[in-house]
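Asks: Next comes the sequence, and after it the predicted model I'd like to discuss.
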Amino acid sequence: MRSRGAFLALALALAACGEDAGPIGSPGGRDGVVLSYATPQVQVRAVGAPAKVSLTLLARRAGPDDSLAPWPGAAFDVQREAGAGRLSATRVVTNQDGRATVELDTPGGADRTRVSFVLSGDRHSHLPFEVVTAPVVPVDLTRGEVAHLDPPPNGAILRFSLASEGRYALIPLNLDPKRSGVTYRFHHTGAGAGGGFTADARPRGSRPAVVVEERGDVVAGSLDPGILAPAAGIPGALNIKSCMIETNRLAPLRYAGRHVALYVDAPPDQWQARIDSLGREFDERIFPGNTALFGPTPDRDGNGVVLVVLTPALQGLSGVYCDGVRALGVEAFYAVWNPDDRIDRTLATLAHEHQHVVNAGWHFVSRGTIGDERWLNEAMSFAAEARSGYWGSPLVRVWQFLSGQNGGMTMLPFEYASPFHDEYMMFLVYLGDRFGDEFYYRLGSSGHSGERNVEESAGLPFPTLVRDWLVAAGVSGRHPDIDPRYRYTTFDLHGMAEEIAACQCIPKNRFEGMNLEPLWTDSPFDVFRSLDGYDADYYVLRGSAGRSTVDVFFDAFGIASVGLSAARLADEPE
């Protein structure tokens, strides 16, 4: 998060750029001169009748012992850098207390006037002020209600109704994926008379350094037809060599079921009970569950089963789908064999890779490709794990997602992230929860891919879906009456204690939702932060006991892609 000094430097740079007579450098004085605010640096007024605002600085100088003393008689040039406010004077001199004041008459309409006090003869010693007149946007929501406020990009005073119990969640968002570093601001003068502000200098959250095992990948490789030759029958053995394994070695058939044939690269007289458990679980749970959710498994080779090779030679991934449907007309995938691992981890990999086979079948028929775009294809496979009840990897991804708020990093990356990114799973599972299980089926059968596929399957523009998802991440589960459009049902973002206890996969006993950073309205605050593309930050408005309304100025600095959503929450502790 930017410091107060960084913001002042930015404000000054914007004000003085290109003006030879303007101040330069960082504000606040130099060479023993210290300039500070005796009235708030930022003052906000509602549009309406013109008003008079006082701007006062305090000038002090360091003595021989470095102690600071008021500096009377210091002359300052007062410059209006921008806006339509009218100054009462263009030159002031400090009094015996080291204070100098100028009055500013604000216009009645929306305006942003920037004023600098510049020490005469030293353009480096200066102090900027800002006076804003902005429209008032009433915010009066019932508990559980969500609203997209879309305040004017040049700022608005949000007047929150506090007539009944409840808190407001505030979620600023940037919905332009190609625009990063866009800034926004929350400003509140506090409940007491005289205003003022304190800069929010707390560090932002950061994503925890927890590595999630990548369940599987989709690799388009030049497979040797001799490795997996199409056959109407079920071979008695398969070579473990694949797009990710160089070793030539036969794995014998160890389980032949209704929907799967398991080939295990292990001693033939060991682990049969474990292998049978894997096969039965695939036949009875994974295959019918994925079929109901994502659609039918292709059967180009005509043998009626999916061929699964389990081998310890697969390194770096839990599993891999090697483009067998398109390249060879064979439904097959590979998974790592580790009999010492928890069996539910292997089952999760089977569910994950099987979804890739289903997806490959859809996209081979409709587009002649290996499958959907990798981020969406992997997201569907993680959804397959969660919906099958194999929670280990999905729960860790949920926890990492909830731990990464207010970090200034995109929450839906498309340019530089692995296809296994947590956010892809969270986004897709939210869409499935919102639009129903048939949404997953539409993703496969639509004939489209990537963002367009999501838009066509949901019937809404992609940025709108991203906005609603970012809001759901912050408010799902926080009130029983939260609008169903902003809820998860597959994941309880404020619970899942039983599942977490069973998998022992995160350092928490239960989920506690997205951390909402408090904005305490009983004291002044001035929050100035930036958003990446497809990004959001999360806050909760707190305090102001006994007050019927509270005003908070929200400023997107003219960036139209920055929006603000709000939700009324129950008046309960986090």
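Replies: Yep, it's here.
Asks: Poorly predicted segments of this protein, please.
Replies: Flagging of the chain using pLDDT under 70 yields the residue ranges 1-21, 163-166, 190-217, 219-232, 405-406, 416, 544-546, 571-574.
Asks: Show the residue spans covered by the helices in the stretch 451-574 of the chain.
Replies: Per DSSP state H, counting those that start in this stretch, the stretch 451-574 of the chain carries helices over the ranges 462-475, 497-503.
Asks: and those helices, which is most packed in?
Replies: helix 462-475 (a mean of 22; mean count of other Cβ atoms under 10 Å). Placement of C-beta: from N, CA and C, glycine included.
Asks: mind saving the C-alpha coords of it as PDB?
Replies: Once non-C-alpha atoms are left out, helix 462-475 reads as follows in PDB (Å, rounded to 0.1, in the frame of the first residue of the first chain):
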ATOM      1  CA  PHE A 462     -17.600 -12.000 -19.100                       C
ATOM      2  CA  PRO A 463     -16.800  -8.800 -17.100                       C
ATOM      3  CA  THR A 464     -20.200  -8.900 -15.400                       C
ATOM      4  CA  LEU A 465     -19.600 -12.500 -14.400                       C
ATOM      5  CA  VAL A 466     -16.200 -11.600 -13.000                       C
ATOM      6  CA  ARG A 467     -17.700  -8.700 -11.100                       C
ATOM      7  CA  ASP A 468     -20.400 -10.900  -9.500                       C
ATOM      8  CA  TRP A 469     -17.800 -13.600  -8.700                       C
ATOM      9  CA  LEU A 470     -15.500 -11.100  -7.000                       C
ATOM     10  CA  VAL A 471     -18.500  -9.900  -4.900                       C
ATOM     11  CA  ALA A 472     -19.500 -13.500  -4.000                       C
ATOM     12  CA  ALA A 473     -16.000 -14.200  -2.800                       C
ATOM     13  CA  GLY A 474     -16.400 -11.500  -0.200                       C
ATOM     14  CA  VAL A 475     -20.000 -11.900   0.900                       C
END
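Asks: which helices and strands sit right next to it?
Replies: strand 146-148, strand 167-174, helix 422-435, helix 450-458, strand 535-536, strand 562-569 (3 or more Cβ pairs under 8 Å, 6 or more residues apart in numbering; DSSP states H and E).
Asks: any idea which of those is most buried?
Replies: strand 535-536 (a mean of 26).
Asks: counting contacts, what elements does that strand pack onto?
Replies: Strand 535-536 is packed against strand 167-174, helix 462-475, with contacts defined by 3+ Cβ pairs under 8 Å, 6+ apart.
Asks: redo that, cut-off 10 Å
Replies: strand 167-174, helix 462-475, strand 562-569 (3 or more Cβ pairs under 10 Å, 6 or more residues apart in numbering; DSSP states H and E).
Asks: so which of the ones you listed gets nearest Phe282?
Replies: Across the helices and strands packed on strand 535-536, the minimum distance to Phe282, taken as Cβ to Cβ, is reached by helix 462-475, at 31.4 Å.
Asks: quick one: the closest one to chain centroid distance?
Replies: What separates the centre of helix 462-475 from the centre of its chain is 9 Å, taken as Cα atoms, centre = their mean, to the nearest Å.
Asks: can you start the count at 30 instead of 1 from here on
Replies: Yes, from this point I'll number from 30; that puts the last item at helix 491-504.
Asks: what angle do that helix and strand 591-598 make?
Replies: Put simply, helix 491-504 runs at 40 degrees to strand 591-598, going by axes from the mean of the first three to the mean of the last three Cα atoms, to 10 degrees.
Asks: picking that back up, the helices and strands packed on helix 491-504: which one's closest to Gly572?
Replies: strand 196-203 (9.5 Å).
Asks: Could you spell out the sheet neighbours of that closest one, each with its direction?
Replies: Strand 196-203 pairs in its sheet with strand 564-565 (antiparallel), strand 568-571 (antiparallel), strand 591-598 (antiparallel), by DSSP bridges.
Asks: Centroid-nearest residue for this protein?
Replies: Met440 (3.0 Å; Cα atoms, centre = their mean).
Asks: Now for that one: which residues touch it?
Replies: 202-203, 430, 433-434, 450-452, 455-456, 495, 498-499, 502, 560-566 (Cβ atoms under 10 Å, 6 or more residues apart in numbering).
Asks: at 7 Å what do you get?
Replies: By Cβ atoms under 7 Å, 6 or more residues apart in numbering, the residues touching Met440 are Glu452, Leu499, Tyr563, Asp564, Ala565.
Asks: swap in Ala266?
Replies: Leu279, Ala280, Pro281, Leu282, Tyr292.
Asks: Looking at the residues you listed, which are in strands?
Replies: With strands taken from DSSP state E, the overlap with the contacts of Ala266 comprises Leu279, Ala280, Pro281, Leu282, Tyr292.
Asks: In the contacts of Ala266, find the pair that's most separated.
Replies: Within the contacts of Ala266, two members stand farthest from each other by Cβ to Cβ: Leu279 and Leu282, at 10.1 Å.
Asks: Quick one: residues contacting Glu382.
Replies: Gly245, Gly348, Tyr350, Phe362, Ala364.
Asks: before we move on, which element is the residue nearest to the fourth one when sequence neighbours are not counted in?
Replies: Leaving aside its chain neighbours, Phe362 sits nearest to Glu382 (4.0 Å; criterion: Cβ to Cβ, 6 or more residues apart in numbering). With the criterion set as DSSP states H and E, the secondary-structure element containing Glu382 is helix 372-396.
Asks: Quick check: what element follows that helix along the chain?
Replies: Following helix 372-396 toward the C-terminus (DSSP H and E): helix 403-417.
Asks: Contacts made by that following helix with the rest, please.
Replies: Counting by Cβ under 7 Å, 6+ apart, 244-245, 247, 314-315, 318-319, 322-323, 377, 380-381, 384-385, 388, 400, 422-423, 426, 448-449, 453-454, 456-458, 461, 469, 472, 479, 482, 519 sit against helix 403-417.
Asks: before we move on, what about stretch 588-595?
Replies: 168, 170, 175-180, 182, 197-205, 208, 211, 213, 496, 500, 560, 583, 585.
Asks: Swap in 8 Å and give it another go.
Replies: 168, 170, 175-180, 182, 187, 197-205, 208, 211-213, 496, 499-500, 560, 583, 585 (Cβ atoms under 8 Å, 6 or more residues apart in numbering).
Asks: same thing with stretch 386-397?
Replies: By Cβ under 8 Å, 6+ apart, stretch 386-397 touches 247, 319-320, 323-327, 335, 350, 352-355, 360-362, 398-401, 406, 409, 473-476, 478.
Asks: Now it - C-alpha only, PDB.
Replies: Below are the C-alpha coordinates for stretch 386-397, written out as PDB (Å, rounded to 0.1, in the frame of the first residue of the first chain):
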ATOM      1  CA  VAL A 386     -11.000 -37.000 -21.500                       C
ATOM      2  CA  VAL A 387     -14.600 -35.900 -21.500                       C
ATOM      3  CA  ASN A 388     -13.600 -32.400 -22.500                       C
ATOM      4  CA  ALA A 389     -11.400 -33.700 -25.300                       C
ATOM      5  CA  GLY A 390     -14.300 -35.700 -26.700                       C
ATOM      6  CA  TRP A 391     -16.500 -32.600 -26.900                       C
ATOM      7  CA  HIS A 392     -13.900 -30.400 -28.500                       C
ATOM      8  CA  PHE A 393     -12.600 -33.000 -30.900                       C
ATOM      9  CA  VAL A 394     -16.100 -33.300 -32.400                       C
ATOM     10  CA  SER A 395     -17.000 -29.600 -32.400                       C
ATOM     11  CA  ARG A 396     -13.600 -28.000 -33.100                       C
ATOM     12  CA  GLY A 397     -11.000 -30.700 -33.800                       C
END
